[in-house]
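Chemist: based on what follows, work out the 3D shape:
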Amino acid sequence: MTFLPCSDLTAAEWIATSDEHWWKLVTMGPAGFPAYARLRFIPDPTYEGQSENEVGRPSGILSDMEQLRVAAGSLLRHTGSPSEGYLLIWDGWGEDSFPDLVLRAPRVVVPGREYYLCRVSLSDFVSGTIEDSWQAKTDRAMPPPAFIWPKDRAWCITQDVDPHWASIGAEQAMIDPLLTEPRLDVVRVEANQKLPFYF
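Modeler: Numbers count the residues shown, from 1 in each chain. Presented below is the predicted three-dimensional model:
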């Protein structure tokens, strides 16, 4: 199995039926994890109202998708179901970005966003096999997943199209190794912390 579009959306109900405000849900992920962190794809803004266009990506930094795969690979060691997980992919990337099988699947709807649900081998996601298969079917790069989680919901990575970071919800013991992973820039999220956004 590389990726399998889901006609049964039950696996995503815990996200679709969340009581979280939609913006918090799509940026920080489902509530209820003991700890949260941010995976920063580029550094945080240095002043209020700064535009993301003013910030260049430092040389040698992995792509956003590569960083997501590194983070998922670390978290994968802490799940009982590495061979089965799920991706929600935002439908706003345009029809040309999706294989026909995905486009024919129903969508998971939250206020402000709609997603396609795919069942995947998380090991294949981490290795890049799913991206390769996706590109072979579409001749386009795979859009970054908006939500990534294992079947046992031990953790969840959430990435919306607007922030310059992804959120990670998990046990603190799962997040701690990410804080010192040299290929990533991961910082803790404290309770009631005002999160940074570019203008």
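Chemist: all strands for the protein, in order.
Modeler: Secondary structure of the chain (DSSP state E): strands located at 3-5, 35-40, 85-90, 107-110, 113-120, 147-150, 156-158, 165-170, 186-189.
Chemist: residues in contact with the last one: which ones?
Modeler: In this case it means strand 186-189. The contact list for strand 186-189 (Cβ atoms under 8 Å, 6 or more residues apart in numbering) reads 28, 35-40, 71, 167-168, 175, 178-179, 195. Bear in mind the C-beta positions are built from the backbone N, C-alpha and C, glycine included.
Chemist: quick one: which of those has the most company?
Modeler: In terms of neighbours by other Cβ atoms under 10 Å, these top out with Ile168 at 30 neighbours.
Chemist: so how far is Lys137 from Pro106?
Modeler: Using Cβ to Cβ, to the nearest Å, Pro106 is found at 19 Å from Lys137.
Chemist: and these two? Which one has more around it.
Modeler: Shown here are Pro106 and Lys137; by other Cβ under 10 Å, Lys137 has more neighbours (16 against 13).
Chemist: who's in contact with the more buried one?
Modeler: Pro99 are the contacts of Lys137 under Cβ under 8 Å, 6+ apart.
Chemist: same question for Glu114.
Modeler: Contacts of Glu114 (Cβ under 8 Å, 6+ apart): Trp90, Asp91, Gly92, Arg107, Val108.
Chemist: how about the fourth one, what does it touch?
Modeler: Put plainly, it is Arg107. If you count contacts by Cβ under 8 Å, 6+ apart, Arg107 has them with Asp91, Glu114, Tyr115, Tyr116, Leu117.
Chemist: do the same with the first one
Modeler: The contact partners of Trp90, taken as Cβ under 8 Å, 6+ apart, are Arg113, Glu114, Tyr115, Pro143, Ala146, Asp160, Val161.
Chemist: who does it form a beta bridge with?
Modeler: For Trp90, the beta-bridge partners are Tyr115 (DSSP bridges).
Chemist: between the contacts of Glu114, which sits nearest Glu13?
Modeler: Val108 (8.6 Å; Cβ to Cβ).
Chemist: the closest one and Leu117 touch, don't they?
Modeler: Yes. With contact defined as Cβ atoms under 8 Å, Val108 counts as touching Leu117 (5.3 Å).
Chemist: that concludes my questions; thank you for your assistance.
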